[in-house]
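Novice: Requesting a structural model of the entry that follows:
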Amino acid sequence: TKVYRVGGSYLKTNELGTVASDSFDEYNIANSKWTRKATLPIAVANISPVVIGTNLFVYGGAVNTHPATAVNTSVCDPDIAGSASLQLWDGSTWGRYDSQTPGKLCGYAAASDGTNLYLFGGNDDTGTPTNKLWKRNSSGTWTLLYGNSGQTEYYHRHAATMAYLSGKLYIFGGIDGQGV
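Specialist: Model (predicted):
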């Protein structure tokens, strides 16, 4: 069994706040060793990578984590950094997917049912928590499932966790726009 660490943030000595990380590391439980798999082209934090099949998907994120400021959704592609995309690690390289995306997000919750990718909440590019629930199907089409203009009163969250179990998505915790 192996564990993967993608991005994140760390405290920088003698400075306030935290700094986004460009690490993509693998931990081998059998030999208790960390190995650098790759260096992300852009240091990123406040992400929630999701595995679908043999692929690892990373969406959005923040480059400045104190305060958390959403960056454009291309956080792992050195050639087109700053354009909207979903990133995919196929086991050897990062690649860009999707020209149409939910927009800038960081601190979102993410999960998969094995086929589809779901994103919930997070901070938008103004730093405001959202309540939108997005679904990306296997053909790359994004659909807004909740949070359109008529559904804006509940559940604005960032820093939540989401899990898929038996046909249901569960959202745990998080912080709303009021700091609750």
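Novice: how much space between residue 176 and residue 92?
Specialist: For residue 176, the distance to residue 92 (CB to CB, to the nearest Å) stands at 40 Å. For every residue, glycine as well, the C-beta is placed using N, CA and C.
Novice: What of residue 158?
Specialist: Distance of residue 158 to residue 92, given as CB to CB: 32 Å.
Novice: Can you report how many residues neighbour residue 8?
Specialist: Neighbours of residue 8 under the rule other CB atoms under 10 Å: 19.
Novice: doesn't residue 45 make contact with it?
Specialist: Yes. Assessed by CB atoms under 8 Å, residue 8 is found in contact with residue 45 at 5.5 Å.
Novice: tell me, what's touching the two both at once?
Specialist: Common contact partners of residue 8 and residue 45 (CB atoms under 8 Å, 6 or more residues apart in numbering): 20, 21.
Novice: thinking again about what came up before, ok, residue 176 and residue 92, which is more surrounded?
Specialist: Each of residue 176 and residue 92 has its neighbours counted (other CB under 10 Å); residue 176 has more, 15 against 8.
Novice: Quick check, pLDDT for that one.
Specialist: Listed pLDDT for residue 176 reads 76.
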